[in-house]
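Asker: Got a predicted structure here, sequence first:
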Amino acid sequence: MTNATSYRSAWDNTVGTSTSWITALFCTAQCLVANLAYSMILADTFRALLQVAGYTLSRSQTLFGAMTCVILPLCLLKNLSSLAPFSLLGICGMIYTALAMSLRYLMKSYALPDGKFVSKLSSPQYTPSFGSKGAAAVFHPSSLVLLCMLSAAFVAHYIAPKFYVELYDNTVSRFNILTFSSFAISMVIFLIVASMGFLTFGSNCDGLILNNYSSEDKIMGFSRVAVAMSLVFSYPLVFVGARDGVLDLLNISKSKRTNANLNKLTITLLSCITALALKVKDLSLVIALAGSVLGVSLIYVFPALMFRSAVLNQKKDGGDVSNALLMEAKLVTLSGIMGIGMGAVGLTMALTGKR
């Protein structure tokens, strides 16, 4: 419908070029927030792994060491094609983690009062705790925070045009298969991890669920290794999107994007991300805020505006626009409005601490 090759160009071809910087800003911010979340997870994960190895470091020391010695060299690479095979490693790591969490739940290793690892938790705040509201709690407005977090977890819409263009034999049917299968696999993994985490620890689930598990739990220790490896090799792929987004927003020409300038920008951005990760420790808050503002906009609001504009532009130009397509445009617009409402409530709940 738009013949666009990027999220921004889709906006250009439908809504207009004068406001396309807004979508570029949100896409760039999404990548930067993802890198911030990765940094926070790596700090906690590496710290736990080092404790098992007998090294006691503070969170700040661990974060600074990981960013300086591991992440920075990878982000300075100019060709990231060598990291592509590690995507499969990351998927395998997530599957292992889901299975490990399921095993620990079924074995009741953390069940009160005498689970195998209950007395070996690193902090009392990780002790399992369950309320009495039951399924009725789903209808509380605070549950919208979860929906906003899921918006952050599943947001891939801003790179969908790139995936379609680069897909081998890129037909709509093949792209639909790719989209459905990818989201289905992700949904199953997320569902297992979220369910097993909550069923094991209840309301005391940490923003990074692996923090709940004892450092003496070897099965979950391998999960920490798997997650760390996954994020380490995924980090540069997301960071490149953030860095390129900043360059586009600043209207830096291709001729000025020399290796020296790219290196300076890389160091600057990573320094800012590291500084934020040192101060911000609540991962669930970061994900909730990102989902309620960035995720909701990129998934519900912006696509609705683009589709509505595309249909109206087609009708204005004398194209064949059926009543069904016009109705679809209205329904999509309604979903965008509902997305705004969901994001507003979720944002309020997250900021007031009612999570």
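Answerer: Arrived safely.

Asker: When you work out contacts or count neighbours from here on, use the C-alpha atoms and nothing else.
Answerer: Will do.

Asker: where does this protein dip in pLDDT?
Answerer: Counting by pLDDT under 70, the low-confidence segments of the chain come to 1-2, 353-355.

Asker: Whichever strand or helix holds residue 193 packs against which elements?
Answerer: Take DSSP states H and E as the rule and residue 193 turns out to sit in helix 172-201. Applying 3 or more C-alpha pairs under 8 Å, 6 or more residues apart in numbering; DSSP states H and E, one finds that helix 172-201 contacts helix 86-106.

Asker: which strands and helices sit next to the helix it packs on?
Answerer: With contacts defined as 3+ C-alpha pairs under 8 Å, 6+ apart, helix 86-106 has these neighbours: helix 172-201, helix 218-249.

Asker: Now do the helix holding residue 193 against helix 86-106, angle only.
Answerer: 40 degrees (axes from the mean of the first three to the mean of the last three C-alpha atoms, to 10 degrees).

Asker: Return the set of buried residues in helix 172-201.
Answerer: Residues of helix 172-201 classed as buried by neighbour count (16 or more other C-alpha atoms under 10 Å): 175, 186, 189-190, 192-201.

Asker: just checking, what packs against the helix or strand containing residue 72?
Answerer: Residue 72 is located in helix 72-75, with elements delineated by DSSP H and E. Using 3+ C-alpha pairs under 8 Å, 6+ apart as the contact criterion, the neighbours of helix 72-75 among helices and strands are helix 218-249, helix 259-279.

Asker: Please state the offset of the helix or strand residue 312 falls within from the chain centre?
Answerer: With elements taken from DSSP H and E, the one containing residue 312 is helix 302-316. Averaging C-alpha coordinates over helix 302-316 and over its chain gives two centres that are 28 Å apart (C-alpha atoms, centre = their mean, to the nearest Å).

Asker: Could I get the buried residue list for the helix or strand just after that helix?
Answerer: Helices and strands here follow DSSP H and E; after helix 302-316, the next one along the chain is helix 323-351. Within helix 323-351, the residues that qualify as buried by neighbour count (16+ other C-alpha under 10 Å) are 329, 332-333, 335-336, 339-340, 342-350.

Asker: Equivalent analysis for stretch 58-65, please.
Answerer: Buried, per 16+ other C-alpha under 10 Å, within stretch 58-65: 59, 60, 62, 63, 64.

Asker: Tell me the one of those nearest residue 215?
Answerer: For these, the closest approach to residue 215 (C-alpha to C-alpha) belongs to residue 59, at 15.3 Å.

Asker: Identify the nearest residue to the closest one in space, disregarding sequence-adjacent positions?
Answerer: The shortest distance from residue 59 to any residue other than its chain neighbours is 6.0 Å, reached at residue 43 (C-alpha to C-alpha, 6 or more residues apart in numbering).

Asker: which of the helices and strands packed on helix 72-75 sits most buried?
Answerer: Of those, the one with the most neighbours on average (mean count of other C-alpha atoms under 10 Å) is helix 218-249, at a mean of 19.

Asker: Look up phi and psi at residue 321.
Answerer: The main-chain torsion angles of residue 321 are listed as degrees, to the nearest 10 and equal phi -120, psi 110.

Asker: How about the contacts made by it?
Answerer: Residues in contact with residue 321 (C-alpha atoms under 8 Å, 6 or more residues apart in numbering) are 311, 314, 315.

Asker: change it to 6 Å
Answerer: For residue 321, the contacting residues are residue 315, taking C-alpha atoms under 6 Å, 6 or more residues apart in numbering as the criterion.

Asker: mind checking how far it is from residue 86?
Answerer: From residue 321 across to residue 86, the span is 45 Å (C-alpha to C-alpha, to the nearest Å).

Asker: Check residue 52 too.
Answerer: Summarising the geometry, the distance separating residue 52 from residue 86, computed by C-alpha to C-alpha, is 25 Å.

Asker: And residue 118, by the same measure?
Answerer: For residue 118, the distance to residue 86 (C-alpha to C-alpha) stands at 34 Å.

Asker: same thing with residue 128?
Answerer: The span separating residue 128 from residue 86 equals 34 Å under the rule C-alpha to C-alpha.

Asker: what do you get for residue 307?
Answerer: Remark: distance between residue 307 and residue 86 (C-alpha to C-alpha) = 35 Å.

Asker: Also residue 106?
Answerer: Separation of residue 106 from residue 86 (C-alpha to C-alpha): 30 Å.

Asker: And residue 30, by the same measure?
Answerer: When C-alpha to C-alpha is the yardstick, residue 30 and residue 86 sit 22 Å from each other.

Asker: Could you check which of those two is surrounded by more residues?
Answerer: Counting neighbours by other C-alpha atoms under 10 Å for residue 30 and for residue 86 shows that residue 30 has the greater number, 24 against 16.

Asker: what kind of secondary structure is that one in?
Answerer: Applying DSSP: H, G, I helix; E, B strand; the rest coil to residue 30 yields a three-state assignment of helix.
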